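> sequence and predicted structure, then a few things I'm wondering about:
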Amino acid sequence: MKNDEWLTPPEIVRALGTFDLDPCAPIVRPWDTAANHYTIEDDGLAQAWHGRVWCNPPFGREAVKWLRRMAEHGNGIALIPARTETAMFYECVWGIADAVLFLKGRPHFHFVDGRRADFNSGAPICLVAYGEDNAEALRASGLGFYVVSSAAAPATQHTETK
Ligand SMILES: C[S@@+](CC[C@H](N)C(=O)[O-])C[C@H]1O[C@@H](n2cnc3c(N)ncnc32)[C@H](O)[C@@H]1O
């Protein structure tokens, strides 16, 4: 999955309720993911964020910037690869987010014209909730396996991978 234009299966977003803002959406999209969208033309990171945010960010090196912003905003759900030992996970998820849900099975993302890929994501995927209401939305979604992200135990040691 080499470019950024991989869309979330709409049934995943639907299972989580309605969102006020998707700060990283395609310019031309087959469906809405939120009431308001920013695209690369607006640069979603340079804009003010409001309300309940849905964020499936550009993957790769850019993703951490979006996760930092989600953590700071504190209200919404992000979709990221379930690479739980990475620096991004330690910085923005474990002990910071309220909950993580590991999707059951690998999803098939959609092309920007709406077609569903006939291959899966190629990596495990999880959803990360910021804010208690969003944690509850994950728990109630039935999309996979739910973990509460509590603060790290004192003196926790870990080895980070990039
Ligand atoms: C992985 S796709 C997810 C699309 C959509 N949010 C969804 O969940 O289906 C990431 C999207 O971010 C957009 N994008 C990339 N850089 C951006 C930026 N600086 N500001 C806003 N959107 C951006 C890409 O064009 C792409 O549509």
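The structure has been received and is ready for your questions.
> how about the residues of the protein near the ligand?
4-8, 22, 24-26, 33, 38-40, 43-45, 56, 58 (CB under 6 Å from any ligand atom). C-beta here means a position set from N, CA and C on the backbone, and glycine is covered the same way.
> let's see it at 5 Å
Residues of the chain lying near the ligand by CB under 5 Å from any ligand atom: 4, 6-8, 22, 24-26, 38, 40, 43-44, 56, 58.
> surely His37 is in contact with Trp31?
No. The pair His37 and Trp31 does not pass the contact test of CB atoms under 8 Å, sitting 10.8 Å apart.
> please enumerate the helices of this protein.
For the chain, the helices defined by DSSP state H cover 10-14, 63-73, 87-92, 132-141.
> mean neighbour count and distance to Gly122 for those helices - can I get that in TSV?
Shown next, in TSV, are the helices of the chain (neighbours: other CB atoms under 10 Å; distance: least, CB to CB, whole Å):
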stretch	mean neighbour count	distance to Gly122
helix 10-14	16	17
helix 63-73	19	15
helix 87-92	19	18
helix 132-141	17	23
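> still on that earlier bit, list only buried entries from the residues of the chain next to the ligand.
By neighbour count, with 16 or more other CB atoms under 10 Å, the residues of the chain next to the ligand hold Asp4, Trp6, Leu7, Thr8, Asp22, Cys24, Ala25, Pro26, Tyr38, Gly44, Asn56, Pro58 as buried.
> how far away is Asn36 from the ligand?
12 Å (CB to the nearest ligand atom, to the nearest Å).
> which residues does Ala48 contact?
For Ala48, no contacting residues are found, by CB atoms under 8 Å, 6 or more residues apart in numbering.
> now do it against the ligand, distance only.
Counting by CB to the nearest ligand atom, the gap from Ala48 to the ligand is 13 Å.
> with Gly51 instead?
15 Å.
> so that residue touches Asn75, yeah?
Yes. Between Gly51 and Asn75 there is a contact at 6.9 Å, judged by CB under 8 Å.
> can you pick out the residue with more neighbours from those two?
The residue with more neighbours, out of Gly51 and Asn75, is Asn75; 19 against 14, by other CB atoms under 10 Å.
> who touches the more buried one in this structure?
Contacts of Asn75 by CB under 8 Å, 6+ apart are Gly51, Arg52, Val53, Tyr130, Gly131, Asp133, Asn134.
> coming back round to it: and the residues of the chain next to the ligand, which two are furthest apart?
Pairwise distances across those peak at 20.3 Å for Thr8 and Asp43 (criterion: CB to CB).
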